[in-house]
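Visitor: All I have is the shape, not the residue letters:
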């Protein structure tokens, strides 16, 4: 069975030997908010929080976004591009 976002984050934090307050301080959120994410009360943290967590843990941002349900499986955010070309029609 697939782990929830909160379970995955808690496992990573504990494996690094970090307290909630230490990690929260490092990524710039409150301890209470991090706790709410880990226990599943906050299911979809902001993109900024997900990015900070992904960077801290060395996890691909799209993996965390998929775990949070913010993106559907199979869509790769890191390779997505926006077509900014101007039409000459």
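Guide: In hand now; what should we look at? Computed from a predicted model, the values in this text were never measured in an experiment. Residues are numbered from 1 along each chain as shown.
Visitor: So, low pLDDT: which residues of this protein?
Guide: Low-confidence segments of the chain, defined by pLDDT under 70, are located at 1, 71-89.
Visitor: which stretches of it form helices?
Guide: For the chain, helices defined by DSSP state H occupy the ranges 5-15, 20-27, 31-38, 47-57, 61-67.
Visitor: Pull the residues that contact the third one.
Guide: Helix 31-38 has contacts (CB atoms under 8 Å, 6 or more residues apart in numbering) with 5-7, 9-10, 13, 20-21, 23-24, 27, 42, 45, 49. Heads up, the C-betas are built off the backbone N, CA and C, glycines and all.
Visitor: Make a markdown table from the helices of the chain and add mean neighbour count to it.
Guide: Below are the helices of the chain laid out as a markdown table (neighbours: other CB atoms under 10 Å):
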| stretch | mean neighbour count |
| --- | --- |
| helix 5-15 | 17 |
| helix 20-27 | 16 |
| helix 31-38 | 18 |
| helix 47-57 | 17 |
| helix 61-67 | 20 |
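Visitor: Output the contacts of helix 31-38 as a markdown table; include the columns distance to residue 35.
Guide: Putting the contacts of helix 31-38 into a markdown table (distance: CB to CB, whole Å) gives the following:
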| residue | distance to residue 35 |
| --- | --- |
| 5 | 13 |
| 6 | 9 |
| 7 | 13 |
| 9 | 11 |
| 10 | 9 |
| 13 | 11 |
| 20 | 6 |
| 21 | 10 |
| 23 | 10 |
| 24 | 8 |
| 27 | 13 |
| 42 | 9 |
| 45 | 12 |
| 49 | 13 |
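Visitor: Closest one to residue 64 out of the residues you listed, please.
Guide: Checking these against residue 64 with CB to CB, the nearest one is residue 5 at 6.6 Å.
Visitor: quick one: the closest residue to that closest one other than its chain neighbours from residue 26, how far?
Guide: Closest residue in space to residue 5, ignoring its immediate chain neighbours: residue 67 at 4.1 Å, by CB to CB, 6 or more residues apart in numbering. Remark: distance between residue 67 and residue 26 (CB to CB, to the nearest Å) = 20 Å.
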